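Q: I would like the atomic coordinates for the input below:
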Amino acid sequence: MNIIVCIKSETLKTIKRIKCNYIITIDEDMTTTAIQNDNNVSFKEYTPMVISSIIVTLVLLYIDEGYYNFNWMTNIGNWIVGAIYAGIITLIQIAIYKFILFPLK
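A: Now for the predicted structure:
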């Protein structure tokens, strides 16, 4: 178990990037705060992005490839293209989430 103790809470943002299990901060008024640092990637946070990208891809394939029907599903090539589209849309959503919305998380 790794424990890091920092004296001021301003340094907490830089310390969160260090891989440790617990962070304990002590403020000027001697308040102690223990934070469990979770460095593991949780797939639960990406699940809505994956589901929404699959839904958007299926709608686009329904309109574009199938001409407003589901006949496109019989061709394996359309499924490969759909998987690539869904992957690209998911990666764009994760990049926006990680680098623009919550860059320090």
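
Q: got the domain ranges for this structure?
A: 3-36, 43-101 (automatic domain parsing).

Q: go through those and find the least confident stretch.
A: Per-stretch mean pLDDT for the domains of the chain is lowest at domain 3-36 (a mean of 56).

Q: tell me where this protein has strands.
A: Per DSSP state E, the chain carries strands over the ranges 3-6, 22-26, 32-36.

Q: need the longest helix for the chain.
A: Among all segments of the chain classified by DSSP state H, the helix with the greatest residue count is helix 76-96.

Q: buried ones in that helix?
A: 78, 81, 82, 85, 86, 89, 90, 93 (16 or more other Cβ atoms under 10 Å). Quick note: C-beta positions are derived from backbone N, CA and C, even for glycine.

Q: export that helix as CSV, just CAs?
A: Only the C-alpha atoms of helix 76-96 are listed here, as CSV (Å, rounded to 0.1, in the frame of the first residue of the first chain):
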residue,chain,number,x,y,z
ILE,A,76,-20.4,-8.8,-44.2
GLY,A,77,-18.6,-5.9,-45.8
ASN,A,78,-21.2,-3.4,-44.5
TRP,A,79,-20.7,-4.8,-41.0
ILE,A,80,-16.9,-4.3,-41.2
VAL,A,81,-17.4,-0.7,-42.3
GLY,A,82,-20.0,-0.2,-39.5
ALA,A,83,-17.5,-1.5,-36.9
ILE,A,84,-14.9,0.9,-38.2
TYR,A,85,-17.4,3.8,-38.1
ALA,A,86,-18.4,2.9,-34.6
GLY,A,87,-14.8,2.7,-33.5
ILE,A,88,-13.9,6.1,-34.9
ILE,A,89,-17.0,7.7,-33.4
THR,A,90,-16.1,6.1,-30.0
LEU,A,91,-12.5,7.3,-30.1
ILE,A,92,-13.6,10.8,-31.0
GLN,A,93,-16.0,10.8,-28.0
ILE,A,94,-13.4,9.5,-25.6
ALA,A,95,-10.8,12.1,-26.9
ILE,A,96,-13.3,14.9,-26.3
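
Q: what's that helix packed up against?
A: helix 47-64 (3 or more Cβ pairs under 8 Å, 6 or more residues apart in numbering; DSSP states H and E).
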